[in-house]
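> Structure for this input, please:
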Amino acid sequence: KSRKKLSFIVTGGSGFVGKSLIEKLSAQSKVIYCLDKKFSKNYKFPKNVKKIKVDLKNYKDLKKKTINIKKIDIVIHTAAKQPFSKENNLQEYINANVIGTGNLLNICEEKKFLKIIACSSFSVYGKPDKLPIKENHDLNPINTYGLSKVLAENLYKFYSKNRKFKIIILRFDGIFGYKQNLPGFIEFATKKILKKEKFEVFANGNLVRDQISVDDVVSIIIKSVKYIKNFNHIIFNAGSGQPKKTKKILNIIFKDLKMKSNIKYTKKLNPNFNYNTFMDISKAKKYLKFNPYSLKKSISIMLNKIKNES
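Down below sits the predicted model:
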C-alpha cells in the first residue's frame, strides 16, 4: 500500500545535509518548507519545496514567516553553526545552535508540530573514556561547538518531557560527501590528492575515526521519519560503524583514483584533535534498521561524482 505523503519543515535546507535530504525526501512528501537564512541563486529545489528565508535566531521573524504553515507532520532540524576552525566564539554558537533551536521549539509548540528529528554531533562526548562510545557515555565537550550541541540536546529533553514532543536526536560523526561545504578530513585529503599537492598527516596516520557519508546521513534521517512514532525522546549514534585509521582511509582514496601517495606522515599531533574516537551504532541498527554503506563504497560514490565533473 502506498504510504500517506507527509508534510515537513527542514531547517538548514540549503546546507550540505539539508539539500541532499530534501532531494531524497521530496518524492515521498506532500510539501517541504525549507527554512534557511540564505539560498543560492542557481540551485533549483524540487517543485513541492517552498523556500522560506529566515534566521532561526530571530524569533519575531520566524513567527511571522511561518504564520501560514498550518499542518506539519515532522520537523527536521539540520541547521547549525559548524566549527570551521579553532574559532571559539561562544556567543555565536549559543545564538545559532541554542537560541535558534529554542525559538524553533517554541514555534513548534504553539503550532502543535510535535515530532522533531534533530541533528546533533559526536562533539557532545569530547574525549572518550572508552571506545566505542555508547549513547549513555558522559557528555564532556571540549570545544564551544560541542557545548552548544549539549545545551540544544537539553532543550529537546525538556520539551519531550514537559511538552509532549516526540524527538529523535541523531549524533553524527564527521560527515563527508560530494560537494560538501563542511570541514572534513576526507574532503580535504581528496582535494589535495587530486591537485597532486603534498600535505602532512598527523600522528603518522594512526588516528582512528569513523566518518559517515552524507548518503547514510540522509538514510538514517528518513528511517527516523518512519519510526519516530515509537519514541518520545531517544538518542542514536550515527557513524558508519567502520572505524579506520587515517592512513587506511587515504589508501582507499589512492587506490580508487589510481594515484601514487605523496603524503608526508609526521609524528606531530593535530592541535584540534589528537585522540581516537568512534561511536557504537548498534542501537540505530536495532531500532531504526540503519544499515550504512561500507566506507570504501561511500568514498567510491563520492570520487565517481568528482571524476564525472572533470
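> same for the lengthiest helix in the chain, what does it pack against?
Longest helix in the chain by number of residues (criterion: DSSP state H): helix 144-162. Contacts defined by 3 or more CB pairs under 8 Å, 6 or more residues apart in numbering; DSSP states H and E place helix 144-162 against helix 90-93, helix 100-111, strand 115-121, strand 166-172, strand 233-238. C-betas here are computed from N, CA, C, even on glycine.
> 6 Å - rerun?
Secondary-structure packing of helix 144-162 (3 or more CB pairs under 6 Å, 6 or more residues apart in numbering; DSSP states H and E): helix 90-93, helix 100-111, strand 115-121, strand 166-172.
> Using TSV, lay out these together with distance to residue 202.
Converted to TSV, the helices and strands packed on helix 144-162 look like this (distance: least, CB to CB, whole Å):
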stretch	distance to residue 202
helix 90-93	25
helix 100-111	33
strand 115-121	21
strand 166-172	22
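> Tell me which of those sits nearest to residue 254.
Residue 254 sits nearest to strand 166-172 of all the helices and strands packed on helix 144-162, at 26.0 Å, using CB to CB.
> Put the alpha carbons of the closest one into PDB.
Extracted C-alpha coordinates of strand 166-172, given in PDB (Å, rounded to 0.1, in the frame of the first residue of the first chain):
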ATOM      1  CA  LYS A 166       8.400  13.200  20.200                       C
ATOM      2  CA  ILE A 167      12.100  13.700  19.500                       C
ATOM      3  CA  ILE A 168      14.800  11.700  17.900                       C
ATOM      4  CA  ILE A 169      18.300  13.000  18.300                       C
ATOM      5  CA  LEU A 170      21.000  11.800  15.800                       C
ATOM      6  CA  ARG A 171      24.600  12.300  16.900                       C
ATOM      7  CA  PHE A 172      26.700  12.300  13.700                       C
END
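> Quick check: what element follows it along the chain?
strand 175-176 (DSSP states H and E).
> Sketch out the strands for the stretch 201-310 of the chain, chain order is fine.
Under the criterion DSSP state E, counting those that start in this stretch, the stretch 201-310 of the chain contains strands at 208-209, 212-213, 233-238, 244-245, 264-265.
> what pLDDT does residue 89 get?
For residue 89, the model assigns a pLDDT of 86.
> same question but for residue 82, I mixed them up
Taking residue 82 on its own, its pLDDT is 89.
> Could you pull up the contacting residues of it?
residue 182 (CB atoms under 6 Å, 6 or more residues apart in numbering).
> Could you tell me whether it really is in a helix?
No. Counting by DSSP: H, G, I helix; E, B strand; the rest coil, residue 82 is not found in a helix; it is coil.
> From residue 174, how far off is it?
Taking CB to CB, to the nearest Å as the measure, residue 82 falls 11 Å from residue 174.
> With residue 94 instead?
Distance from residue 94 to residue 174, by CB to CB: 23 Å.
> likewise residue 38?
24 Å.
> and these two? which has more neighbours close in?
residue 174 (20 against 8; other CB atoms under 10 Å).
> what's the burial count for the closest residue to the more buried one other than its chain neighbours?
Nearest residue to residue 174, sequence neighbours excluded (CB to CB, 6 or more residues apart in numbering): residue 211, at 4.5 Å. Neighbours of residue 211 under the rule other CB under 10 Å: 25.
> Help me confirm that residue 211 comes into contact with residue 177.
No. Using CB atoms under 6 Å, residue 211 is not in contact with residue 177; the gap is 9.7 Å.
> Alpha carbons of the host helix or strand of residue 18, in CSV - could you do that?
Assigned by DSSP H and E, residue 18 belongs to helix 16-25. In CSV, the C-alpha atoms belonging to helix 16-25 read as follows (Å, rounded to 0.1, in the frame of the first residue of the first chain):
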residue,chain,number,x,y,z
PHE,A,16,25.1,20.2,2.7
VAL,A,17,22.9,17.8,4.6
GLY,A,18,19.7,19.7,4.1
LYS,A,19,19.9,19.7,0.3
SER,A,20,20.7,16.0,0.0
LEU,A,21,17.9,15.2,2.4
ILE,A,22,15.3,17.3,0.5
GLU,A,23,16.3,15.8,-2.8
LYS,A,24,15.6,12.3,-1.4
LEU,A,25,12.6,13.3,0.8
